[in-house]
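In: Turn this into a model:
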Amino acid sequence: MTTYDDRASLSDLTATADRVRRSVEEVIEGKPEVVRLSLTVLLAEGHLLIEDVPGVGKTMLAKALARSIDCSVRRIQFTPDLLPSDITGVSIYDQQRKEFEFKPGAIFAQIVIGDEINRASPKTQSALLESMEERQVTMDGETYELPSPFMVIATQNPVEMEGTYPLPEAQRDRFMARVSIGYPHPEAELQMLDVHGGVSPLDDMRPVAHAHDIVKLVDAVRTVHVAEPVRRYAVELVGATRHHPELRLGASPRATLHLVRAAKAAAALAGREYVLPDDVQALATPVLAHRLLPTAQAQLGRRTSEQVIGEILHRTPVPSPYGQQPPGARRA
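Out: Okay, the predicted model is just below:
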């Protein structure tokens, strides 16, 4: 098994991630945990769903993360009249060459910003399914690979808002994590009036990392060690959602994979070459909550998926802190 033998290399990679984080935090003020989770999802090769009420900076967060990296970026404004071909692309007949030519859609970018994704119809939303899971697009029998790194950052308003369609379960399951920004603190909002009052802070943003730097970071995250007790702990947490009496739909095996991959990215960002149970616990709610469906009785009792996950975390035994590190690693 490959481990981090070169500590200086790990330090360089962590420094790159810190540059991206600080760049985003200059725009999204007072929300360091939200920025860190977004970066974690990027390094774990996942997709991020940002859900909150209008006006709290959902699109700003997505744009800030995209502009911090020197890579191709496309923005899709989801509307009721948006067609699946607008996302994936379309084959057009070339009169001169007497053959069909594929015109790539907006999904052919390294970072794709889907703004207000739940304002489009479920048919249009489903155009993202293959792209998000398999990182490819199939059109007229031909398969087209998407660039690397590839990440979809989607924003959506709560389903109670006018003109929204609930995301299908299959679509929600493809997002590694869901994050809510929330309203800013009064001090941060006061500072926002000074900084954002004149020009947009996005105008002054410059890339602090290149796409190939992110690819190197992703490769480094893959080498992070996950001990068998920690893997079993993740499986037990996800499995508990499938048998909980207040849930009519638990988390899928894909959720287990996403939880472990996100925990590996969190460990790498912390400068560790191995995953701790704390990493899994910290990411359980953002990775699992949006995939769960409470029963009607739980909804009447105003029980949320987040509360159920908190109960599962409290009841599930935590593995021993020993045995987490890979063979040959030095203990602190």
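
In: Tell me the gap between the longest helix along the chain and the middle of its chain.
Out: The longest helix of the chain (DSSP state H) is helix 7-25. In this view, helix 7-25 has its centroid 18 Å away from the chain centroid, taken as Cα atoms, centre = their mean, to the nearest Å.

In: Let me know the next secondary structure element after it.
Out: Remark: after helix 7-25, the chain's next helix or strand is helix 32-43, criterion DSSP states H and E.

In: circling back: so which elements touch the longest helix of the chain?
Out: Helix 7-25 is packed against helix 32-43, helix 58-67, strand 209-210, helix 211-222, helix 253-269, with contacts defined by 3 or more Cβ pairs under 8 Å, 6 or more residues apart in numbering; DSSP states H and E. (C-beta placed from N, C-alpha, C; glycine too.)

In: could you dump these to TSV with mean pLDDT, distance to residue 79 and mean neighbour count?
Out: Supplementary listing: these in TSV, determined by pLDDT from 0 to 100; distance: least, Cβ to Cβ, whole Å; neighbours: other Cβ atoms under 10 Å:
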stretch	mean pLDDT	distance to residue 79	mean neighbour count
helix 32-43	93	25	22
helix 58-67	87	14	23
strand 209-210	90	32	16
helix 211-222	89	29	18
helix 253-269	96	29	23
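
In: Show me what counts as buried in the longest helix of the chain.
Out: Using 16 or more other Cβ atoms under 10 Å as the test for burial, helix 7-25 gives 10, 13, 14, 16, 17, 20, 21, 23, 24, 25.

In: Between those residues, which sits nearest residue 59?
Out: The nearest member of those to residue 59, counting by Cβ to Cβ, is residue 24 at 13.3 Å.

In: quick one: residue 115 and residue 59, what's the gap?
Out: As for residue 115, its distance to residue 59 is 6 Å (criterion: Cβ to Cβ, to the nearest Å).

In: could you pull out the strands for the stretch 151-300 of the chain?
Out: Under the criterion DSSP state E, counting those that start in this stretch, the stretch 151-300 of the chain contains strands at 151-156, 177-179, 209-210, 247-249, 293-294.
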